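Student: Can you look at this prediction? I've put the sequence above it.
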Amino acid sequence: MDLSRRELLAAAGRFIVLSGAALEAFESPTGALAADSKYKMADHWWAMTIDIEKCIGSGNCVRACALENEVPEGFFRTWVERYEVNGEDREHPQVESPEGGIHGFPARNKPGVKSFFVPKLCNQCAHSPCVQVCPVGATYVSPDGVVLVDQQYCVGCGYCVQACPYGCRYLHPTKHVADKCTLCYHRITKGLTTACCEACPTGARRLADLKNPKDPVHEFLRVNAVQVLKPEMATGAKVFYKDLDGSVR
Amino acid sequence: MRKIFEGSAHLIRLAVVAVLLVLAFLAIRHALIPQDFGKYGHYRPGSLDEIAARTPVFAGREACASCHVDIATAKSKGPHADVGCEACHGPLGRHAQDFTSQKPVLPDTAKLCVTCHEADSAKPKTFPQVVSREHAGDTACGVCHNPHQPRI
Amino acid sequence: MHAIPSGVQGFMYPNEVQLTWSVLIVLYPFITGLVAGAFILASLARVFHIVAVQPIYRLSLLTALAFLLVAPLPLQLHLGHPERSFEMYMTPHKTSAMAMFGFVYLWYLLVVLLLEIWLDYRRDIVLLARSRTGVMKWIYSALTLGSRNIDAKSLHVDDRVGWTVTLIGIPSAFLLHGYVGFIFGSIKANPWWSTPLMPVVFIFSAMVSGIAVVLLVYETVTYVRKRPIDMACLDTVAKYLLYIFLVDFSLEMLDLIHRMYEASESFRTLDFMVHTQLYVSQILLQIILGTLVPVSLLALVQVVKLRAILRRRIYALAAALTLIGIFAMRWNVVIGGQLFSKSFLGYTTYKMAFAAREGLLPAIALLILPFLFLWVLLKLLPPWAEQKAG
């Protein structure tokens, strides 16, 4: 790429100004919630929307999450499932998730069968059953609606893993504490979106802030037929799906 | 009064020791629990800061666009407008902070593009997809398609 | 690494493939169940004045103590950070059934079991402190806890207080083991576990296993000591084993029949699993070998008049099978509950390690350890009438 001298100087100028902004996003020595930071927990109530009609099963989200969060191999903070639903048999869909979809899916051509991809992650439940069962207070719902694990406090009993209806938790194989999707808390508190949403090539996944009146989530919830996973569990799940087939477990 | 305690001296002693142990336990507990535990809920608020303090690995497309203006502009006019830069180029957080610290690796279009565009009946019908073998044989996608402006 | 996860049939959520709770978590309810059951047997003598059971009163208490001392060990081996387990005392989460473990355990150990044993043995301890020499003298002196008064009044006080402690001990024993049932029964995410019957089934199967283990210990110890066994006592214990077993079996069958009848989505998964992954442990070990056979044997003794020697053999066999059956029940609950996917679309397998921290070897060691403790306790605080000092 050939840049003229003028272009080069302009680019350098932009770089200097904007790298300052970039640095601010990345360097938070006392954390995003330090008293002087601009992020106020009370202003946010985080959620996510997933449009099944847009998901192409690329697995970008799974790869991005693994890189962003150092997710251990064989465990998944997010994953994608591929469903094949055959006719009127709604109770026995064929489902696969090869290594969580981290390398995408082997291409299939089955035109007569209803098939689709379902990305899944922690549903950031408002009435979280996993938080309810933690014996020591190591997992909790943050004031801004994210279910987090205090890995310095967790004793690794695994009760929360058993209590999650969605299978989104696991015991970290080397840290020996509970681990799960944090909704990229370290990113969203800095004004970035989650790694999975950033990497999603079709915009199927979108981070949502229910407390922001301008957030597209309000329109999404109003206009579309919206589902959550396992509504009968009454977990207050905040990952809202559009066009999720009823056969999805 | 004395009659009740006659013969119970050993038990009263035990009870006193028990009470002392409980008080000792309460004192130790008070000393060991983190001071602000319970401020927002039954957890240690310091955990929020610890989790939020992680350095992001992905820069986010706005960071890329701040320097690579022409690419961002060109991409915004085509079908890849909403595809993030790092969706194909991988995490470039360090590069965004200091472009000399991380040299981005150009993805191999022979392998990258099919992850999204290989025809699959589970993908939405409106999504552009081809059977790569029929469409291009062994040719890499990048030979004909510019990834930032892929429409030919 | 693109291998399909081995041992998975159908579909599991990716994080479900490896089990979170191992054989150690099977051990824990088994052991606390033995504690609760042995204690209930002791309370039959002390509170309900079943005179025939009196000879094994002290033996039951010591058995309960031996197992209680081992009970926290499988949990500590399982925890990712056992060094942080004190946090359950510091910041117990009031909504978590598991948080009460530390307090219930300490309460039961100190205020119920140790206190009751001490009160019952206090006279013997003081006499032994007087009569023994050397190291044993120091040990018994320490055990007197500074009180040498064994006049009639103080012994009467001991008896009354001990009775009260046993009385409180009954609901405490139910709590000690019942809360474990609630830990499983309250998990709405898991249909194998989620039932209000779970704490009740746990308690009754605990009583069955506790009675069975005391029966076996009694038979074994009298055999080793070459003493005559009290058949009236043994027959009574076996009778209670039968009665409580019938209640336990009815409860478990009620749960099963209810599931089969309602045939909700989860049932089809569970039913299939019981016929495949859990066939050996559920059908063969728990139901047939571990329940139907011992119940039949015990019922046989009630109906047909048999010689004492034959009755003893049958009781021992029934008790041993019962213990296997109750262990299998714990296995089927804990492991079985993790073998199927919460999507109801698949199964995984439990790959039990052998010489690892949560493997079979430590599990076997933890099963043997209580008997070693019991041996020490029997030497230290002999329950036998003829060895009472003074």
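Tutor: Everything's here; your move. This is a predicted model, so every value here is computed, not measured.

Student: what's the helix or strand where C:Phe39 lies packed up against?
Tutor: According to DSSP states H and E, C:Phe39 maps onto helix C:23-46. Counting contacts by 3 or more Cβ pairs under 8 Å, 6 or more residues apart in numbering or on different chains; DSSP states H and E, helix C:23-46 packs against helix C:57-70, helix C:72-78, helix C:152-185, helix C:197-225, helix C:231-262, helix C:308-334, helix C:360-380. The way it works is simple: take the backbone N, C-alpha and C, and place the C-beta from them, glycine included.

Student: now that helix against helix C:360-380, angle please.
Tutor: 30 degrees (axes from the mean of the first three to the mean of the last three Cα atoms, to 10 degrees).

Student: Return the distance of helix C:23-46 from the chain's centre.
Tutor: 3 Å (Cα atoms, centre = their mean, to the nearest Å).

Student: If you rank every helix and strand of chain B by mean pLDDT, what lands last?
Tutor: Lowest on mean pLDDT, DSSP states H and E among the helices and strands of chain B sits helix B:2-5, with a mean of 60.

Student: Sketch out the low-pLDDT regions of the chain for me.
Tutor: Assuming you mean chain A. A:1-36 (pLDDT under 70).

Student: actually it's chain C I care about, not the one you picked
Tutor: For chain C, the ranges with pLDDT under 70 are C:1-5, C:385-390.

Student: so who does residue 185 touch?
Tutor: All of this refers to chain A. A:Tyr185 is in contact with A:142, A:146, A:148, B:48, B:51-52, counting by Cβ atoms under 8 Å, 6 or more residues apart in numbering or on different chains.

Student: Chain C was what I was after
Tutor: C:193-199.

Student: now with 10 Å?
Tutor: Contact partners of C:Gly185, counting by Cβ atoms under 10 Å, 6 or more residues apart in numbering or on different chains, are C:97, C:178, C:193-202, C:333.

Student: Of these - the most surrounded one?
Tutor: Neighbour counts for the contacts of C:Gly185 (other Cβ atoms under 10 Å in any protein chain shown) peak at C:Phe202, which has 29 neighbours.

Student: Pull the contacting residues for that one.
Tutor: If you count contacts by Cβ under 10 Å, 6+ apart, C:Phe202 has them with C:29, C:32-33, C:36, C:174, C:177-185, C:248, C:251, C:329-330, C:333.

Student: is chain C contacted by stretch A:92-102?
Tutor: Yes - judged by Cβ under 10 Å from any Cβ of the partner chain, stretch A:92-102 comes into contact with chain C at A:92-102.

Student: Show me the domain layout of chain B.
Tutor: B:2-52, B:56-106, B:107-152 (automatic domain parsing).

Student: Any idea which residue of the stretch 201-350 of chain C lies closest to chain B?
Tutor: Using Cβ to the nearest Cβ, C:Leu345 is the residue of the stretch 201-350 of chain C that sits closest to chain B, at 16.7 Å.

Student: Chain neighbours aside, what residue packs nearest to that residue?
Tutor: Closest residue to C:Leu345 apart from its sequence neighbours, by Cβ to Cβ, 6 or more residues apart in numbering or on different chains: C:Phe11 at 4.2 Å.

Student: ditto for C:Gly337
Tutor: C:Trp192 (4.3 Å).

Student: residues touching the one you found, list them.
Tutor: When contacts are counted by Cβ under 10 Å, 6+ apart, C:Trp192 is found next to C:184, C:198, C:259, C:266-267, C:269-270, C:273-274, C:278, C:332-334, C:336-340.

Student: ok, now with 8 Å
Tutor: With Cβ under 8 Å, 6+ apart, C:Trp192 has these contacts: C:266, C:270, C:333, C:336-337, C:340.

Student: what residues are up against the closest residue to C:Leu367 other than its chain neighbours?
Tutor: Spatial nearest neighbour of C:Leu367, excluding adjacent residues (Cβ to Cβ, 6+ apart): C:Leu27 at 7.1 Å. For C:Leu27, the contact set (Cβ under 8 Å, 6+ apart) comprises C:74, C:330, C:363, C:366-367.
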